[in-house]
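Chemist: the sequence and its predicted three-dimensional model are supplied below.
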Amino acid sequence: MSQLGFQCKLSVPYEEALEKVTQALKTEGFGVLTSIDVQKTMKEKLNADFGKYAILGVCNPPLAHQALTARPEIGLLLPCNVIVYEEDAQAVVSIIDPLSMMNFIQDPALDAVAQEAYARLKRVADALSSS
C-alpha cells in the first residue's frame with residue numbers, strides 16, 4: 001500500500017486493465033461516474049505528450065449517501081479516485097485509501113462509512129492483485 005492508497009500492477013494491456021478495474025469495482029458496489037483520459041487532455045490542452053493514464057471517479061451510492069448525510073462537506077472528497085496508467089508494459093492501478101482521507105477530517109460520524117469503503121476498496125485491490 002502506498003501512502004495514499006492501494007497499488008497493484010497488472011500484466012495486461014492498459015485497455016484490458018481499465019476493463020478489469022471497472023468490473024472489480026462493480027463487484028464491490030462501485031460505479032465509475034467520471035473517467036478522465038489524461039493523455040488526451042494533456043494533448044488537447046497543452047499539446048503535451050503523456051503516457052496512457054486514466055483517472056476514474058468512483059462511487060458506491062449507499063456509502064456516499066451515508067457520508068453526505070453525516071457531513072455534507074465530505075462531497076469535497078467524493079467521488080473516490082482510482083488511477084490506471086501504463087508503466088513498463090504493465091498497467092499500474094492505484095486506489096485511494098478512504099482512511100487516509102479521514103486522518104485530517106477526524107469526524108467520528110464518518111468512521112463507519114470510511115471503514116466500509118476501505119474494506120470494499122481493499123477487496124478490489126486484492127482481487128486485481130490475484131488476477
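Modeler: All right, it came through fine.
Chemist: residue 56 - that's part of a helix, no?
Modeler: No: according to DSSP: H, G, I helix; E, B strand; the rest coil, residue 56 belongs to no helix; its state is strand.
Chemist: quick one: it from residue 103, how far?
Modeler: If you measure residue 56 against residue 103 using C-beta to C-beta, to the nearest Å, the figure is 23 Å. No exception for glycine: its C-beta is placed from N, CA and C like everyone else's.
Chemist: so those two - more neighbours on which side?
Modeler: Here residue 56 and residue 103 are set side by side on neighbour count (other C-beta atoms under 10 Å), and the busier one is residue 56, at 23 against 9.
Chemist: and the nearest residue to residue 123 once chain neighbours are set aside, what does it touch?
Modeler: On the basis of C-beta to C-beta, 6 or more residues apart in numbering, the spatially nearest residue to residue 123 that is not a chain neighbour turns out to be residue 28, at 5.8 Å. If you count contacts by C-beta atoms under 8 Å, 6 or more residues apart in numbering, residue 28 has them with 60, 120, 121, 123, 124.
Chemist: cutoff 7 Å now
Modeler: 120, 123, 124 (C-beta atoms under 7 Å, 6 or more residues apart in numbering).
Chemist: where is the longest helix in this protein?
Modeler: Of all the segments of type helix in the chain, defined by DSSP state H, the longest one is helix 111-129.
Chemist: next, the buried residues of that helix.
Modeler: For helix 111-129, burial by neighbour count (16 or more other C-beta atoms under 10 Å) applies to 113, 114, 116, 117, 118, 120, 121, 122, 124, 125, 127, 128.
Chemist: CSV for these, including distance to residue 3?
Modeler: CSV is the format used below for the buried residues of helix 111-129 (distance: C-beta to C-beta, whole Å):
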residue, distance to residue 3
113, 21
114, 16
116, 21
117, 17
118, 15
120, 20
121, 15
122, 15
124, 18
125, 15
127, 22
128, 19
